[in-house]
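**Q** sequence first, predicted coordinates after that:
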Amino acid sequence: MKLATWNINGIKARIDALPEWLRQAQPDVVVLQEIKSVDDAFPRAPLEDLGYNVETHGQKSFNGVAILSKRPLESVTRGLPGDASDEQARWIEATVTGEAGLLTICGLYQPNGNPAPGPKYDYKLAWMARMEARATALLALEEPIAMLGDYNVIPQPEDVHDPAAWAEDALYRTETRQAYRRLVAQGWTDAIRAVNPVGERFTFWDYQAGAWPRNKGIRIDHILLSPQAADLLGTAVIDKAVRDWEKPSDHVPVWCTLDI
DNA sequence: ATGGTTGATCCTCAA
C-alpha cells in the first residue's frame, strides 16, 4: 500500500495539480493539510472521479485536513482529543483494511507556532503534548499505525539549509525538537529517515526570496510508523519534482510503501 | 542584500 502526505496550501488553488499528481503517483491513501476550506465547499468530485473516497475535516480560510483513500475509510474521527475548546481543524483519523490486515491512518497538521515565544508558540507546544498523549494510546494497540502530515518540526540540523538562521524559529527551537523527540522516542519510526539515512531530504521551500531555486529548504513533512507498521516498510520518497510544477504548493508530497 | 510570495478573504492575517 502506498501512503502519502501533502500540504497542498489550499484545495481551490491546487485543484488541477492534485488530481494530476494522483494520476501520476497512484497512491492508495493520501492525507492532505491546509485544505483551507469548509467541508461543504471541498471539491470532492474530481477526486472521487479518480476512485478516491474522501473524508474532510475543514474550517473557513485556514488549516483543514483530509484523507483520500482508494479503499473504504472506516471509523473516521475528526479533531485531536484533549481540548474540547480547540476549534482548529488539524487532525483526522481513519482505518483502512489492506490485504494483510487493518491499518490506522492519522492525518495531522501541527501548528506553526511563530512568532516564538508567544501565545501561538504556547498553543503549538500544548498541541504537541496532546498529540503525544494520543500517540501513546495508539501505540498501546500494538497494530500497524501511520501518522502522516505537516509536523512543522525540523528534527535535526541536516533537515535545514542554515541551522543557525533557524535557531529561534518555532519550527526548530530547542523546545520544539525536544517535544518531537519525546514523541518519536515512544517507539515511532521516521520513514524517510529510515530509508534515506543520509543526503538531502527537504520537503518545503518558501515562496519568498527564491528559496526553491536557491535550495533553501527544510524537512517538516514526516511519516511516523508504529513498530508493527515499520516492519512492513518498503521505500520512502520525497517527490521533489512537484515543486517545479506550475502553480506549486510550497510543500511537496512525501510517501512510503507498506507491505499490507 | 533584514530581502519578499502565496492563499483566502475582504485588506489583513497566516504561513
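**A** Ah, there it is.

**Q** what comes up buried for stretch A:121-129?
**A** For stretch A:121-129, burial by neighbour count (16 or more other CB atoms under 10 Å) applies to A:121, A:123, A:124, A:125, A:127, A:128. From N, CA and C alone the C-beta is placed, and that goes for glycine too.

**Q** rounded mean pLDDT for it, please.
**A** Mean pLDDT, stretch A:121-129: 98.

**Q** what sits against the residue in chain A positioned nearest to DNA strand B?
**A** With CB to the nearest atom of the strand, the shortest gap between chain A and DNA strand B falls at residue A:10, namely 2.4 Å. Applying CB atoms under 8 Å, 6 or more residues apart in numbering, we find residue A:10 in contact with A:34, A:35, A:36, A:37.

**Q** just give me the neighbour total for residue A:255.
**A** Using other CB atoms under 10 Å, residue A:255 has 23 other residues around it.

**Q** quick check: closest non-adjacent residue to it.
**A** Spatial nearest neighbour of residue A:255, excluding adjacent residues (CB to CB, 6 or more residues apart in numbering): residue A:4 at 3.8 Å.

**Q** secondary structure element holding the one you found?
**A** When elements are assigned from DSSP states H and E, residue A:4 belongs to strand A:2-7.

**Q** next secondary structure element downstream of that strand?
**A** Going down the chain from strand A:2-7, the next helix or strand is helix A:17-25, by DSSP H and E.

**Q** around DNA strand B, which positions in chain A sit nearby?
**A** A:9-13, A:36-37, A:60-63, A:111-112, A:114, A:120, A:207-209, A:247 (CB under 7 Å from any atom of the strand).

**Q** going through those residues, which ones are buried?
**A** The buried subset of the residues of chain A next to DNA strand B (16+ other CB under 10 Å) comprises A:9, A:11, A:36, A:37, A:63, A:111, A:112.

**Q** my guess is the last one meets residue A:152, correct?
**A** Yes: the pair residue A:112 and residue A:152 passes the contact test of CB atoms under 8 Å, sitting 5.1 Å apart.
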